[in-house]
Structure formats: structure tokens, C-alpha cells
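Asks: What follows is a predicted protein model with its sequence.
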Amino acid sequence: MNTATNQPKNKFGIGKIILIVIATIIVLSVIANIGKGDKASSSSSSESAPAANSAASSDSKPTIQILQHNEKIENMASETMRTIHVTVQNNGSSLEDYVEVKATWYDKDGKVVGTGMGNTTNLASGAKRTIDVLGLSIEKAVKYDIEALNMPF
């Protein structure tokens, strides 16, 4: 005599449930990190004195704020080396793993004549640091723009 009980089959096995939980955690992590890509930018003539970040005048400060910057130009043999010394501050409440500063140099007509990049790691909350942005063989530049980005790992 065969007495089979009619138990309802479970639609989801334990493996599927674990997969759904892991996928949910990943999605929530991505959503939580969307706002971490804050950036601050500033621009300056290559001959001007250090200037404060234009975004600093608003009530809310960016996570990474450009406090000041100035450019040093060196002629080395047949190349011109440009270094922008950029002081940034972490206004966030946590350590920033990686901070990058990008520069774009322009000629008198507004055409891009070069780009450069500098970075730092492990910038503590409230900490300030000077990042050097290097540009090689950039001729005829009369001004530059800079942008600071915090990039989570």
C-alpha cells in the first residue's frame, strides 16, 4: 500500500533563497555608494594667485573641497613641465580611500593643449593634503581647470 502525502512543493530551494539574499545585499550596496562620487572643481589662470573653490560659497561643502591651487612651470631641456599644487580637504565624515585631481590646460583660444592627473589615498575625515598634478610638454597654455573626485574602491 502506497500512502503518498500531498505536500506542497517549495518553489524556492535553499540555494535560490541564498542567491536572492546575496543579490539584494549587492543592490543595496550599490545604491548606498551612488552618492560617494562627489566632486569639486575650480578653474584659474596659470598666472593667478591661489583661489578658493567656487563651490565653497554654497551652504553645503563638497565631500572633497579644493582649498587652494597654484602652478609652477619648469623648462627642462626641450620640454615644459607644469605642476599644479592643489590643496584639498575631506569634508566627509569618513576616510576617503582614493582622491584624484584632474587638470585641463587651455590656450588663448580656449582649445585644450594638455591634461594631467594627481592622486592620493587614505584621506581622513577633516584632513587636508596637497596633491601635485603633473603635465608634461604642455606648450602655450594660458589657463587651466581642475577637478577633484573621490572614488570609492
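Replies: Thanks, I have it.
Asks: okay, now A124: neighbour count?
Replies: A124 has 12 neighbouring residues, counting by other Cβ atoms under 10 Å. Every residue, glycine included, has its C-beta placed from N, CA and C.
Asks: Looking at the closest residue to it other than its chain neighbours now. What's its pLDDT?
Replies: The spatially closest residue to A124, leaving aside those adjacent along the chain, is L95, at 5.5 Å (Cβ to Cβ, 6 or more residues apart in numbering). If you check L95, the pLDDT there is 94.
Asks: Was I right to think L95 contacts N122?
Replies: Yes: contact criterion Cβ atoms under 8 Å: L95 and N122 qualify, at 6.3 Å.
Asks: re earlier: ok, now which ones touch the residue nearest to A124?
Replies: Going by Cβ atoms under 8 Å, 6 or more residues apart in numbering, L95 touches 122-125.
Asks: of those residues, buried ones?
Replies: Listed as buried from these are L123; burial here means 16 or more other Cβ atoms under 10 Å.
Asks: between the contacts of L95, which is nearest L136?
Replies: Of all those, L123 has the smallest distance to L136: 25.6 Å, by Cβ to Cβ.
Asks: Identify the residues contacting the closest one.
Replies: With Cβ under 8 Å, 6+ apart, L123 has these contacts: 64, 88, 90, 95-96, 99, 129, 150.
Asks: out of these, which is most surrounded?
Replies: V88 (28 neighbours).
Asks: Counting neighbours, what do you get for the closest residue to V142 other than its chain neighbours?
Replies: Excluding its sequence neighbours, the residue lying closest to V142 (Cβ to Cβ, 6+ apart) is K108, at 5.0 Å. Here the number of neighbours of K108 (other Cβ under 10 Å) works out to 10.
Asks: rewinding a little: between the contacts of L95, which sits nearest I146?
Replies: L123 (16.4 Å).
Asks: Can you classify I25 as helix, strand or coil?
Replies: What DSSP: H, G, I helix; E, B strand; the rest coil gives for I25 is helix.
Asks: about what we covered before: quick one: pLDDT of the residue nearest to V142?
Replies: So K108 comes in at 96 (pLDDT).
Asks: Can we start the residue count at 879 from this point?
Replies: In the new numbering, first residue 879, that becomes K986.
Asks: Can you show me the helices along the chain?
Replies: For the chain, the helices defined by DSSP state H occupy 892-911.
Asks: related to what we said a few turns ago, nearest to I903, of the contacts of L1001?
Replies: L973 (22.1 Å).
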